[in-house]
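> Structure, please.
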Amino acid sequence: MQQVILEVPDVVRPGKTASNSAVHTYIVRACGEGMTEAGIRDSDLLLVDRSELAAPGEIVVAALNGEPLIRRLAIIDGSFALQAARDGFPTLKVEEGDELSIWGVVKRRISSLDLLPAAGSQAASSH
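Residues are numbered from 1 along each chain as shown. Sure thing, here's the model as predicted:
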């Protein structure tokens, strides 16, 4: 997974303002096919809120033993687990001695329309 260098105000549509949580929001580029059945495809941009506490059922950006992942958070047999949204990808149950870090909750997938520059901004032009 690779963090993309974009500021949240740069992806807000014209006429809309960034929320107060924008300070705690970042964008990542998905890498891999493990979440395709949840609508997240390889190279999609995802808006992630690191201020929100993750709850079971939410899609999170996490690291399990140092490996960055985008998965659905679950509780299985009283332990945290990270579930893929595609057949053929195993559920990763957090065992004793494992290190799980939640880096944020995925709030939405960003479409290319969201990346259009706001009116009056200093966007790169072709002249």
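> Could you list the low-pLDDT ranges of this protein?
Counting by pLDDT under 70, the chain contains low-confidence ranges at 1-22, 111-127.
> so where do the strands sit in it?
2-3, 25-29, 45-49, 59-64, 67-76, 79-83, 92-93, 100-110 (DSSP state E).
> list the helices and strands the second one packs on?
What it means is strand 25-29. Packing partners of strand 25-29 (3 or more C-beta pairs under 8 Å, 6 or more residues apart in numbering; DSSP states H and E): strand 2-3, strand 45-49, strand 100-110. No exception for glycine: its C-beta is placed from N, CA and C like everyone else's.
> and the last one with strand 45-49, angle?
Between strand 100-110 and strand 45-49, the angle comes out at 130 degrees (axes from the mean of the first three to the mean of the last three C-alpha atoms, to 10 degrees).
> What residues of strand 100-110 count as buried?
Neighbour counts over strand 100-110 (16 or more other C-beta atoms under 10 Å) mark 100, 102-106, 109-110 as buried.
> Keeping just the C-alphas, turn that strand into PDB.
Taking Å, rounded to 0.1, in the frame of the first residue of the first chain, the C-alpha atoms of strand 100-110 are listed here in PDB:
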ATOM      1  CA  LEU A 100      -2.300  -5.100  15.000                       C
ATOM      2  CA  SER A 101      -2.300  -1.300  14.300                       C
ATOM      3  CA  ILE A 102      -5.400   0.400  12.900                       C
ATOM      4  CA  TRP A 103      -4.300   3.400  10.900                       C
ATOM      5  CA  GLY A 104      -7.800   4.600  10.100                       C
ATOM      6  CA  VAL A 105     -11.400   3.900   8.900                       C
ATOM      7  CA  VAL A 106     -12.000   4.000   5.100                       C
ATOM      8  CA  LYS A 107     -14.800   6.600   4.700                       C
ATOM      9  CA  ARG A 108     -15.200   6.400   0.900                       C
ATOM     10  CA  ARG A 109     -13.600   5.600  -2.400                       C
ATOM     11  CA  ILE A 110     -12.700   8.700  -4.400                       C
END
